[in-house]
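Trainee: Sequence first, then the predicted structure, then my questions.
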Amino acid sequence: MIKRALAVVLLAAVVIACIPAASGAGTVCFIGINDSVPLYLSANEVPYYKGNLLYVPYTVFQSGLGGIAVSYNIEKGSLVLFTRAKRLVYDLEAGTLTDEAQKVSNVNVVYKNGILFIPVAKAASHFGLTATMLTSDSGSPVLRFTDGGQKLDDATFIRKAENLISIILAQEGTGQNDEVGKGSETEPEEHDAGPATIYLAFAGEAVSAQTLGALNDMKISAAFFVTAEQIEAAPDLIRAIYAQGHHIGITAAPEDGDIETALQAADRALDRVLFFKSITALVSSNEYTTETYAVFKERNGLDTIDAVLEKAQTPQLFVCRTDAAVVLQTLLQEQAYLPKLHETTYIPGISETT
């Protein structure tokens, strides 16, 4: 699970500056995604410069930002990055890159530690992605990745990120972050008392085109937990959710007796539609344990949105299953802080990352 979680952490970093190797209290690079800092990278598998080009693991494009999907075929020597409108096809043996207009250009790729690295500049710009390297007050590098949905300018963003950066740097000094994906290293950013911090997720009937449209109108990112049946019944909706940049996890229907079997079926269905499997799962059983998925446990006797908003001092997971429009409007009125849920997010009493 640790290796798989580390791979997922790399998914969300789109570009990163060349950083000296980190061990123990060494340098780490924080990754900003629009208005949040959901994760960071140690220097174990860090992207690097070769000449004037910055190389990153191909997996960084599997984060869902920009709606990019990834297909990597080792046997055929091909890598494809694509959205509904754009596509880049890497012929790894020929060293060529072909776009959706059939324009061919040369490209160099590198294998490092058995991982495929590609130059990031051409790929990122092709899909309309922007990255800005910033520096925190503590001197830490922060790579902010934006897709046009950000609300904070760079100065405000870096100021709000400083609390989380300080926490992680303190943990670096005590050797507590040897493995990415553990709970305390991904605790949500601290905020002034007031607005509640809510990780917003949708499941059941709320997984709909109407919900997706409302999120788009309000410029809100969220997580969707879907079953195999939902994926198979509405593959275009699942692709649209992914293309809009939302996180997709899997879940089991209430009538599913064997949770593990249901989650595996959902993962296979997701792979057929989006060419990847999720390691994020939502379950309602407190007895379910696994080494396969990063599990978020839905509380029995679901809280109402009003009850969740009252818990302003503690980050909460709110799973919306109905009345999505009402919930979203309430959150906006209350000016709730809505960080995006990730595989590495830790919420006390809710997360069970392994």
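Mentor: Yep, it's here.

Trainee: mind listing the helices for the stretch 201-350 of the chain?
Mentor: Counting by DSSP state H, counting those that start in this stretch, one finds helices in the stretch 201-350 of the chain at the ranges 209-218, 228-233, 235-243, 259-274, 305-310, 324-333.

Trainee: Can you say which of these is nearest to residue 284?
Mentor: The closest of the helices of the stretch 201-350 of the chain to residue 284 is helix 259-274. By C-beta to C-beta, the value is 8.9 Å. From N, CA and C alone the C-beta is placed, and that goes for glycine too.

Trainee: rewinding a little: least reliable of the helices of the stretch 201-350 of the chain going by mean pLDDT?
Mentor: Among the helices of the stretch 201-350 of the chain, helix 305-310 carries the lowest mean pLDDT, at a mean of 78.

Trainee: any idea how far the closest residue to residue 73 other than its chain neighbours is from residue 117?
Mentor: Distances taken as C-beta to C-beta, 6 or more residues apart in numbering put residue 79 closest to residue 73, at 7.7 Å, once the chain neighbours are dropped. From residue 79 across to residue 117, the span is 11 Å (C-beta to C-beta, to the nearest Å).

Trainee: hang on, the earlier thing: now render the helices of the stretch 201-350 of the chain as TSV, adding distance to residue 151 and mean neighbour count.
Mentor: TSV is the format used below for those (distance: least, C-beta to C-beta, whole Å; neighbours: other C-beta atoms under 10 Å):
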stretch	distance to residue 151	mean neighbour count
helix 209-218	11	15
helix 228-233	30	18
helix 235-243	21	18
helix 259-274	27	19
helix 305-310	20	16
helix 324-333	12	17
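
Trainee: Now do the buried residues in stretch 269-289.
Mentor: Buried residues in stretch 269-289, counting neighbours by 16 or more other C-beta atoms under 10 Å, are found at 269-270, 273-274, 276-284, 288.

Trainee: start to end distance for stretch 132-141?
Mentor: Start-to-end span of stretch 132-141 (C-alpha to C-alpha, to the nearest Å) is 10 Å.

Trainee: swap in stretch 212-230?
Mentor: 15 Å.

Trainee: Centre of the chain to stretch 160-168, how far?
Mentor: Computed by C-alpha atoms, centre = their mean, to the nearest Å, the separation of stretch 160-168 from the middle of its chain amounts to 19 Å.

Trainee: Average pLDDT for that stretch, rounded please.
Mentor: For stretch 160-168, mean pLDDT rounds to 75.

Trainee: Helix, strand or coil: sort out residue 162 for me.
Mentor: helix (DSSP: H, G, I helix; E, B strand; the rest coil).

Trainee: Can you get me a residue count around the residue nearest to residue 73?
Mentor: By the criterion of other C-beta atoms under 10 Å, residue 79 has 23 neighbours.

Trainee: CA atoms only: put the host helix or strand of it into CSV for me.
Mentor: Secondary structure from DSSP states H and E places residue 79 in strand 78-82. Written as CSV, here are the backbone C-alpha positions of strand 78-82 (Å, rounded to 0.1, in the frame of the first residue of the first chain):
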residue,chain,number,x,y,z
SER,A,78,3.7,4.0,-26.0
LEU,A,79,2.4,6.7,-23.6
VAL,A,80,-0.8,8.6,-24.3
LEU,A,81,-2.0,11.7,-22.5
PHE,A,82,-5.5,12.8,-23.5
